[in-house]
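In: my questions concern the predicted model and sequence given below.
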Number of protein chains: 2
Amino acid sequence: MSNAEQRKRKSQLTPRREPVQARARERARQILDTTGRLLEEVGLNDLTTILIAKELGVSVGSLYHYFPNKHAILYAMGEQWLSSMTVALEELEQQDLENLDLQQFLAELLDRLVAVYREQRGLLPLVQAMWGIPELHELDERHDELLISHLSAMYKRLGFVCPPNEMNRLARATLETCHALFLVIVNQAGVRSDRTREDLQQMLFTMLNAHRGEARPAGLDDVEAP
Amino acid sequence: MSNAEQRKRKSQLTPRREPVQARARERARQILDTTGRLLEEVGLNDLTTILIAKELGVSVGSLYHYFPNKHAILYAMGEQWLSSMTVALEELEQQDLENLDLQQFLAELLDRLVAVYREQRGLLPLVQAMWGIPELHELDERHDELLISHLSAMYKRLGFVCPPNEMNRLARATLETCHALFLVIVNQAGVRSDRTREDLQQMLFTMLNAHRGEARPAGLDDVEAP
DNA sequence: AAAAAACCGGCGCAGGGCGCCGGCTTCCAG
DNA sequence: CTGGAAGCCGGCGCCCTGCGCCGGTTTTTT
């Protein structure tokens, strides 16, 4: 079955081989870099392998030495994004959270995450890709899990006593609110973005502060639910 | 230029003709209905004209009597969505807002909007389409403008005294926060969704209450900016 | 210096979905 | 009852774009 063969190849998302030589590693980095730049400029719909190759000044064939197909490039960008988030979150977890109050914690959290959003090239099209391209869905899910697990852990260290399912709900609400407003913030000019950033912090504080001490929230006896 | 011709046809999004007979009008409604159902079931990527026709039990040719192309169907769904929102907002504006306090207002607002989100079939793929398909971008923008203008007007009636650009910022923050959390809410089960709905209300209250009286916010002297 | 890895440009080609076509059926008016 | 307009139907042409392999050359590594 050549069809099955093709599907297999198509669903292959990891790089063809681990680049060993310095030059090759550099190339792979350059490809991602260029792709990021192009995503910003032309958007997801007009991004083609030919365009990437031309922009970078290499041939299409070369591209396929590093990545088995176009989606794999986007996938790699997504992983880069995930790892930036991971770094930011782990740095935050280094801190002495037990002795931070909630406002201080939120200020730290938002600063770090906004920075990650700010430095990511072509973020919006990338998000769009993670929603729209089936092969990349997994990344979106991993992103959510990553944030939920880290946030839950940190909330606990801050003294939250909610049961796991409620913690989960709070983390999800936090993450979605942050994501939505970060996208607003990075598109605003100086003062406005600071104000929105501050509003976000106060909103999160309101939500979290209201629930931090609820050991047994009413009506939430289920263990796991969306 | 057959190419220009084609482009012209492709960019055509309004229905081919206004249906005059009852049967035809009914068909058009059915097409949108079926499309909504299919969007829920198979998602945006696997939605094809053939599938729509087969599901509805008509031929593909028939579809093209009512809509010039596939995107036009989605466009029509989007417009339906916009009009639901408009209705909800206008109903709210009927009320005696001047004598409502902010909490009461937010409760009303959220109830109505959540209801609209709940009853819209295939909402998520539709949103995805409005982001991903260039022809539908306009809908997304109109949606934002719609909400921002209505929200600004209502905030004013509630006694807000901010300058227009700040009002705009607050409306945008409101809309993005609502959108993000509505999508969470409609996917949660009973009690949890109520709690998130309540959290959202308190968060919005926090943000809006903080700024309702700021006639001259510091550093916001520009007239228009993102 | 030989082997392995990286690089190059061209081109075959597959396939999936779009939407037109030509002819039929139904409905309404006169 | 009849004529014509609106509605309906299935098929399939076909496009066309982007994917990704190939055979050969150059560079790096050991």
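Out: Sure thing, it's come through. Numbers count the residues shown, from 1 in each chain, chains lettered A, B, ... in the order given.
In: what helix or strand does the residue in chain A that DNA strand C sits nearest to sit in?
Out: Nearest residue of chain A to DNA strand C (CB to the nearest atom of the strand) works out as A:Gly61 at 2.2 Å. To be clear about C-beta, it is placed using only N, CA and C from the backbone, and glycine gets the same treatment. Using DSSP states H and E, A:Gly61 maps to helix A:60-66.
In: if we can go back for a sec, okay, the residue of chain A closest to DNA strand C: pLDDT?
Out: Note on A:Gly61: pLDDT of 84.
In: what's the neighbour count on it?
Out: A:Gly61 sits with 8 neighbouring residues when counted by other CB atoms under 10 Å in any protein chain shown.
In: again with the one 10 residues further on
Out: A total of 19 residues lie near A:His71 under the criterion other CB under 10 Å.
In: isn't it right next to A:Ile133, touching?
Out: Yes: with contacts counted by CB atoms under 8 Å, A:His71 reaches A:Ile133, the gap being 6.1 Å.
In: tell me the first helix or strand C-terminal of the helix holding A:Gly61.
Out: As assigned by DSSP H and E, the chain's next helix or strand after helix A:60-66 is helix A:70-94.
In: so which bits of that next one are buried?
Out: Neighbour-count burial for helix A:70-94 flags A:70-78, A:80-81, A:84-85, A:88-89, A:92 (criterion: 16 or more other CB atoms under 10 Å in any protein chain shown).
In: next one: stretch A:131-146
Out: A:Trp131, A:Gly132, A:Ile133, A:Glu135, A:Leu136, A:Leu139, A:His143, A:Leu146.
In: where does chain A have low pLDDT?
Out: Low-confidence segments of chain A (pLDDT under 70): A:1-22, A:216, A:218-226.
In: quick one: name the residues of chain A near chain B.
Out: Taking CB under 8 Å from any CB of the partner chain, the part of chain A that reaches chain B is made up of A:44-45, A:128, A:131-132, A:134, A:169, A:172-173, A:176-177, A:179-181, A:183-184, A:187-189, A:191-192, A:195-196, A:199-200, A:202-207, A:210-211, A:217, A:219-220, A:225-226.
In: show me the helices in chain A, by range?
Out: With helices called from DSSP state H, chain A shows them at A:2-10, A:22-42, A:49-56, A:60-66, A:70-94, A:102-119, A:123-132, A:134-157, A:164-185, A:190-211.
In: next, format the ones you listed as JSON lines and append distance to B:Ala53.
Out: Formatted as JSON lines, the helices of chain A follow (distance: least, CB to CB, whole Å):
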{"stretch": "helix A:2-10", "distance to B:Ala53": "26"}
{"stretch": "helix A:22-42", "distance to B:Ala53": "33"}
{"stretch": "helix A:49-56", "distance to B:Ala53": "33"}
{"stretch": "helix A:60-66", "distance to B:Ala53": "37"}
{"stretch": "helix A:70-94", "distance to B:Ala53": "29"}
{"stretch": "helix A:102-119", "distance to B:Ala53": "43"}
{"stretch": "helix A:123-132", "distance to B:Ala53": "24"}
{"stretch": "helix A:134-157", "distance to B:Ala53": "23"}
{"stretch": "helix A:164-185", "distance to B:Ala53": "37"}
{"stretch": "helix A:190-211", "distance to B:Ala53": "46"}
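In: a markdown table please, covering these and showing distance to DNA strand D.
Out: As requested, the helices of chain A are exported to a markdown table (distance: least, CB to the nearest atom of the strand, whole Å):
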| stretch | distance to DNA strand D |
| --- | --- |
| helix A:2-10 | 5 |
| helix A:22-42 | 5 |
| helix A:49-56 | 4 |
| helix A:60-66 | 4 |
| helix A:70-94 | 4 |
| helix A:102-119 | 26 |
| helix A:123-132 | 12 |
| helix A:134-157 | 11 |
| helix A:164-185 | 26 |
| helix A:190-211 | 35 |
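In: between those helices, which one is closest to B:Val114.
Out: For B:Val114, the closest of the helices of chain A is helix A:164-185, at 14.6 Å, according to CB to CB.
In: how about the closest one: buried residues?
Out: For helix A:164-185, a neighbour-count test (16+ other CB under 10 Å) marks A:165-182, A:184-185 as buried.
In: quick check, the residue in chain A closest to DNA strand D?
Out: Closest residue of chain A to DNA strand D, CB to the nearest atom of the strand: A:Asn69 (2.8 Å).
In: so A:His143 sits right up against A:Glu79, yeah?
Out: No: using CB under 8 Å, A:His143 makes no contact with A:Glu79, being 10.2 Å away.
In: which residue ranges make up each domain of chain A?
Out: Domain ranges of chain A: A:2-66, A:74-211, per automatic domain parsing.
In: as JSON lines, those domains with distance to B:Glu119 would be great.
Out: Output for those, formatted as JSON lines (distance: least, CB to CB, whole Å):
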{"stretch": "domain A:2-66", "distance to B:Glu119": "30"}
{"stretch": "domain A:74-211", "distance to B:Glu119": "21"}
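In: quickly compare these and say which is most buried.
Out: Ranked by mean neighbour count, the domains of chain A are led by domain A:74-211 with a mean of 17 (mean count of other CB atoms under 10 Å in any protein chain shown).
In: if we can go back for a sec, nearest to A:Leu100, of the buried residues of stretch A:131-146?
Out: Nearest to A:Leu100 out of these is A:Leu146 (CB to CB; 21.3 Å).
In: quick one: A:Gln95 and A:Glu108 touch, right?
Out: Yes: the pair A:Gln95 / A:Glu108 is scored as a contact, 7.0 Å apart, by CB under 8 Å.
In: which residues touch A:Arg212?
Out: Each residue near A:Arg212 by CB atoms under 8 Å, 6 or more residues apart in numbering or on different chains is listed here: A:Leu102, A:Tyr155, A:Leu158, A:Gly159, A:Phe160, A:Val161, A:Cys162.
In: enumerate every residue touching the last one.
Out: So the one you mean is A:Cys162. By CB under 8 Å, 6+ apart, the contact list for A:Cys162 reads A:Tyr155, A:Leu170, A:His211, A:Arg212, A:Glu214, A:Ala215, A:Pro217.
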